[in-house]
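A.B. asks: Sequence and predicted structure, then a few things I'm wondering about:
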Amino acid sequence: MMTKTNWLKSAIIFCFVVIALLGGRLSTAQKAQVETAGQKFKSIKVLNDMPADQMGKVMNMFSASLGVDCKFCHTSNDGDYEKEGIEHKETARKMIKMVFDLNKSQFNGRPEINCNTCHQGISHPQPSFPLGEAKPAARRPSQPEKGPTADAIVAKYEAAIGGRSNIDKAASRKITSKRVEPDGKTSEPETIWLKAGKYRADLAYGKYVVTELFDGTIGRKFGNGSPIELKADEAEQIKREAELMSGVPLKTIYPRLEFRTVERIDGKEVNYFIGTTTGNVRERLYFDVASGLLVRRTVSTPTVFGGFLYQVDYADYKDIGGVNLPTTIHYAVPNMSWTRRISNVSTSDVDDAIFVLPVKK
Ligand code: HEC
Ligand code: HEC
């Protein structure tokens with residue numbers, strides 16, 4: 001005879017089986033729904049099965065690996081990408097096939113080999129070997145027997161940026177900054193507003209204003225008030241910068257924080273942690289061993305050629321109204337980089353209406 005608890009157990013197990021089956025079926029259905037490059041683009045011969053939304057990332061990885069702009073394989077830098085009869089584009093197709101075949105036959109399908117493995121920023125790599133005696137790789141810092149705990153790293157970081165009560169006091173802020181382009185000379189003015197975890201940044205390219213917004217739900221982007229479509233990882237990064245600039249507790253952003261190793265960045269030792277968000281996004285976080293400050297954060301978004309890396313470097317921390325803020329923030333992805341330079345911060349009460357968009361001015 002089935003007891004009450006046994007019946008309950010079977011019911012629960014039955015539910016799990018149904019959920020597992022549905023889950024399995026759902027994910028296959030979802031997989032089938034992912035638009036491929038072959039479906040979306042006009043002239044695809046080898047990247048047919050790649051998810052279409054990886055195209056931009058992959059093309060930037062090609063350019064960065066070869067040290068060239070789009071024109072090297074296409075006829076221009078801004079369009080006509082489907083045009084055929086271009087020698088470098090044809091060579092690139094052979095190279096793509098070679099890379100896929102190598103990873104499949106030698107590395108169980110893992111994307112271990114990519115364009116940069118051989119090219120390293122050069123379009124036409126020459127066969128060569130290092131000259132002279134073999135040099136051992138740079139020595140890694142000595143590793144502790146047991147790294148710092150998540151609680152210890154969080155406490156040290158919070159103290160380093162000014163302490164919880166100061167951070168909470170400065171919850172409402174208006175920041176003046178600029179976006180400096182890679183040439184180091186060109187820049188665009190930017191205004192950032194923060195309030196209780198909400199964030200808005202207006203970047204002015206002359207009369208064209210690009211707005212990044214996080215209103216507590218999802219990261220969004222606008223061009224002169226009209227929505228700009230974002231990939232999931234791009235929306236996530238707007239949210240992340242909003243959270244970090246607002247001083248949201250690290251444990252809220254990353255419920256799981258795990259120590260990995262001690263590394264070195266610019267000659268300084270850093271504690272390298274993996275932070276996992278509630279949405280299961282994994283980020284690498286590097287905390288200066290001496291000061292406890294966050295100096296680097298990287299996120300890797302998968303593509304058919306391996307991870308597309310997004311790296312943020314936080315530098316020049318300055319005490320502004322009791323809160324220690326990074327005033328130089330450098331962003332880099334393959335083929336693109338820019339710097340946010342903060343010049344002024346005022347802790348004034350920001351009007352809630354600022355976070356309601358689209359706004360037509
Ligand atoms: C090293 C060569 C190379 C570089 C550099 C390169 N591409 Fe491509 N691109 C290709 C190849 C090859 C294809 C076609 C892939 C295929 O046949 O599956 C392609 C296809 C495309 C397509 C799809 C066109 C269509 O409708 O069929 C777009 C869009 C594109 N590239 C954009 C860019 C952009 C933007 C850049 C610069 C950031 C760039 N590419 C840099 C080689 C390159
Ligand atoms: C195993 C090493 C290796 C890998 C991996 C590799 N390449 Fe190459 N690639 C070369 C070599 C070597 C040359 C020069 C060949 C020659 O001299 O004919 C070359 C040449 C090229 C050229 C022609 C450049 C010119 O100036 O004529 C293009 C375009 C190119 N590669 C694109 C790519 C792309 C895109 C990828 C990644 C999908 C890639 N390669 C991956 C080794 C590699």
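C.D. replies: Thanks, I have the structure now. Ligands and ions are numbered 1, 2, ... in the order given.

A.B. asks: near ligand 1, which residues of this structure show up?
C.D. replies: The chain has residues 41-47, 55, 59-60, 62-63, 66, 68, 70, 72-74, 81-82, 88-89, 92-93, 335 near ligand 1, with proximity defined as C-beta under 6 Å from any ligand atom. C-beta: built from backbone N, CA, C; applies to glycine.

A.B. asks: Any stretches of the stretch 251-361 of the chain with poor pLDDT?
C.D. replies: 358-361 (pLDDT under 70).

A.B. asks: picking up where we left off before, out of the residues of the chain next to ligand 1, list just those in helices.
C.D. replies: 55, 59-60, 62-63, 66, 88-89, 92-93 (DSSP state H).

A.B. asks: just the residues you listed that are near ligand 2?
C.D. replies: Okay, of these touching ligand 2 (C-beta under 6 Å from any ligand atom), that's 62, 66, 88, 92.

A.B. asks: among those, which ones are buried?
C.D. replies: Listed as buried from these are 62, 66, 92; burial here means 16 or more other C-beta atoms under 10 Å.

A.B. asks: Now pLDDT too, for those, in a markdown table please.
C.D. replies: Below are those laid out as a markdown table (pLDDT from 0 to 100):
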| residue | pLDDT |
| --- | --- |
| Phe62 | 98 |
| Leu66 | 98 |
| Ala92 | 98 |
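
A.B. asks: Please identify which of these is nearest to Arg164.
C.D. replies: For these, the minimum distance to Arg164 (C-beta to C-beta) is 45.6 Å, reached by Phe62.

A.B. asks: for that closest one, what are its contacts?
C.D. replies: When contacts are counted by C-beta atoms under 8 Å, 6 or more residues apart in numbering, Phe62 touches 73, 92, 115.

A.B. asks: of these, closest to ligand 2?
C.D. replies: Cys115 (2.8 Å; C-beta to the nearest ligand atom).

A.B. asks: Would you mind confirming that that closest one makes contact with Val68?
C.D. replies: No. Using C-beta atoms under 8 Å, Cys115 makes no contact with Val68, being 10.9 Å away.

A.B. asks: The residue nearest to Gly163 when sequence neighbours are not counted: neighbouring residues, count only.
C.D. replies: In this structure, Gly163 finds its nearest non-sequential neighbour in Gly322, 7.9 Å apart by C-beta to C-beta, 6 or more residues apart in numbering. The tally of other residues near Gly322 (other C-beta atoms under 10 Å) stands at 14.

A.B. asks: and if you look at the one 3 residues further on?
C.D. replies: Burial of Leu325 is recorded as 21 neighbouring residues (other C-beta under 10 Å).

A.B. asks: likewise Ile329?
C.D. replies: 21.

A.B. asks: How much space separates the residue lying closest to it once chain neighbours are set aside from Ala315?
C.D. replies: Closest residue to Ile329 apart from its sequence neighbours, by C-beta to C-beta, 6+ apart: Arg340 at 4.4 Å. In this view, Arg340 and Ala315 are 11 Å apart by C-beta to C-beta, to the nearest Å.

A.B. asks: any residues in contact with both of the two?
C.D. replies: Common neighbours of Arg340 and Ala315 (C-beta under 8 Å, 6+ apart) are 328-330.

A.B. asks: So which of those residues are in strands?
C.D. replies: 328-330 (DSSP state E).

A.B. asks: of those residues, closest to ligand 2?
C.D. replies: For those, the nearest to ligand 2 is His330 (26.5 Å; C-beta to the nearest ligand atom).

A.B. asks: Any chance of the shared contacts of Arg340 and Ala315 in TSV with distance to ligand 2 as columns?
C.D. replies: Listed next are those as TSV, based on distance: C-beta to the nearest ligand atom, whole Å:
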residue	distance to ligand 2
Thr328	33
Ile329	31
His330	27
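
A.B. asks: Check what contacts stretch 75-85 and list those residues.
C.D. replies: With C-beta under 8 Å, 6+ apart as the criterion, stretch 75-85 contacts 41-43, 69-71, 74, 86.

A.B. asks: I only care about the residues you listed that end up buried; give me the PyMOL line for that.
C.D. replies: Restricted to buried positions by 16+ other C-beta under 10 Å, the PyMOL selection for these reads:
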select buried, resi 70+74
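
A.B. asks: secondary structure class for the closest residue to Arg297 other than its chain neighbours?
C.D. replies: Leaving out its chain neighbours, the residue that sits closest to Arg297 by C-beta to C-beta, 6+ apart is Val312, at 4.7 Å. Following DSSP: H, G, I helix; E, B strand; the rest coil, Val312 is assigned to strand.

A.B. asks: now Val312, which residues is it bridged with?
C.D. replies: Beta bridges link Val312 to Arg297, Tyr331, judged by DSSP bridges.

A.B. asks: do you know how far it is from ligand 1?
C.D. replies: 21 Å (C-beta to the nearest ligand atom, to the nearest Å).

A.B. asks: Can you report how many residues neighbour that residue?
C.D. replies: 21.

A.B. asks: what helix or strand does the residue of the stretch 151-300 of the chain found nearest ligand 2 sit in?
C.D. replies: Here the stretch 151-300 of the chain gets closest to ligand 2 at one residue, Ser300, 17.9 Å apart by C-beta to the nearest ligand atom. Secondary structure assigned from DSSP states H and E places Ser300 in strand 294-301.
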